[in-house]
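Novice: Sequence first, predicted coordinates after that:
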Amino acid sequence: MKRTAIYPGSFDPPTNGHLDVIKRALNIFDRLIVAVIVNTSKETLFTIKEREEMLLEIYGGRKNIEITSFDGLLVDYAINVGARTIIRGLRAVSDFEYEFQMALMNRRLNPDIQSVYLMPAPEFTYLSSSIVKEVHSLGGDVSKIVSPGVVKCLDSKSSRS
Ligand code: PNS
């Protein structure tokens, strides 16, 4: 039986930290569903379609990765796509409180689903989508911390504004 996990997030935009977590998850699981949340409480720079397309550009054609989007409860969506494991990245202690709350709430909602936390490589521990957007919007170089397709999407947003 295939071991399937789901990696949910805003991915606004995906960073090399996200990609590092995906790489690590694929060392453990046979199939990974990367699930972009449609309606996040955070205001997003990129539309749901753009966020999915950025991930598809990186992973399109990979048999073991599916790029999807979801709305509503994560645990319900996970069951619908056959995943019993939620993957999240844990960068620093500051992530812990939020992640702990989410993991326990998800467990309450569905005790059959486990949350698994993966630590990205140390060079990515300071990275977040927000810091990437801020640095890029101020003219800083983000080409070493996001993929080339993401740089293009960031460029296209700033040239329109
Ligand atoms: O990348 P993010 O913004 O930290 O991801 C947060 C996400 C998408 C994992 C979280 O907001 C989520 O799971 N939302 C779906 C709604 C839900 O199930 N909420 C209850 C979880 S405690």
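Specialist: Ah, there it is.

Novice: show me where the protein has helices.
Specialist: Using DSSP state H, the helices of the chain run over 16-26, 48-59, 74-80, 93-109, 129-137, 148-160.

Novice: what residue ranges in this structure score low on pLDDT?
Specialist: 159-161 (pLDDT under 70).

Novice: returning to that earlier point: any chance of the helices of the chain in TSV with distance to the ligand and mean neighbour count as columns?
Specialist: Where C-beta positions appear, they are placed from N, C-alpha and C, glycine not excepted. Below are the helices of the chain laid out as TSV (distance: least, C-beta to the nearest ligand atom, whole Å; neighbours: other C-beta atoms under 10 Å):
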stretch	distance to the ligand	mean neighbour count
helix 16-26	9	20
helix 48-59	10	19
helix 74-80	4	18
helix 93-109	4	12
helix 129-137	7	17
helix 148-160	15	15
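
Novice: Turn these into a markdown table, including distance to T4.
Specialist: Shown next, in a markdown table, are these (distance: least, C-beta to C-beta, whole Å):
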| stretch | distance to T4 |
| --- | --- |
| helix 16-26 | 11 |
| helix 48-59 | 16 |
| helix 74-80 | 9 |
| helix 93-109 | 16 |
| helix 129-137 | 25 |
| helix 148-160 | 26 |
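
Novice: OK, contacts around the closest residue to P120 other than its chain neighbours?
Specialist: Distances taken as C-beta to C-beta, 6 or more residues apart in numbering place D20 nearest to P120, at 4.3 Å, with adjacent residues excluded. Contacts for D20 (C-beta atoms under 8 Å, 6 or more residues apart in numbering) come out as G89, P120, A121, F124.

Novice: and if we set it to 10 Å?
Specialist: Contacts for D20 (C-beta atoms under 10 Å, 6 or more residues apart in numbering) come out as G89, L118, M119, P120, A121, E123, F124, T125, L127.

Novice: Go ahead and confirm the first one touches H18.
Specialist: So the one you mean is G89. Yes: using C-beta atoms under 10 Å, G89 is in contact with H18, at 7.1 Å.

Novice: Mutual contacts of the two, please.
Specialist: Y7, G9, P120, F124, L127.

Novice: ok, and which of the residues you listed reach the ligand?
Specialist: G9 (C-beta under 6 Å from any ligand atom).

Novice: Among the shared contacts of G89 and H18, which one has the most neighbours?
Specialist: Y7 (25 neighbours; other C-beta atoms under 10 Å).
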